[in-house]
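Visitor: need coordinates for the following:
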Amino acid sequence: QVQLLESGGGLVQAGGSLRLSCAASGRTVSISHVGWLRQAPGKEREFVAAVSMNSGFTTYADSVKGRFTISRDNAKRTVYLQMNSLKPEDTAVYYCAAGGLAGLRVGAPGSWGQGTQVTVSS
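Guide: Next up, the predicted model:
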């Protein structure tokens, strides 16, 4: 069993930045990828970014490429999402998620966090 705890959400103006953190605990040795998914009101859950915990390879949704950066600190068992040049359309609940990359990309990971709200005002 893996537990994920997000932090770092909040309210920011368009063009601003936020950094989300995801601390993992439990059977973290079994995690292949950790990523971020988001869900805005009235919209489907969507993939944002993921990182391989072994290789560090990263992958991003087209909508955030060049603006968001995902990184990991294996010693701290923590994954970060640095979000720059934020837009109102980035407003959503952001969930940390763990599992295989294929599951993350379709919004069906093995483990979820409780989510953190990110609101970008125009």
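
Visitor: going by C-alpha atoms from here, please, whenever you check contacts or count neighbours.
Guide: OK.

Visitor: count of residues packed around the residue nearest to residue 112 when sequence neighbours are not counted?
Guide: Excluding the flanking residues, the one nearest residue 112 by Cα to Cα, 6 or more residues apart in numbering is residue 97, at 4.6 Å. For residue 97, the neighbour count with other Cα atoms under 10 Å is 31.

Visitor: and residue 102, by the same measure?
Guide: Neighbours of residue 102 (other Cα under 10 Å): 11.

Visitor: just to be sure, it is in a helix?
Guide: Yes - under DSSP: H, G, I helix; E, B strand; the rest coil, residue 102 sits within a helix.

Visitor: state the distance from the residue nearest the centre of the chain to residue 43.
Guide: Taking Cα atoms, centre = their mean, the centroid of the chain lies closest to residue 36, which sits 2.2 Å from it. Plainly put, residue 36 is 16 Å away from residue 43 if you go by Cα to Cα, to the nearest Å.
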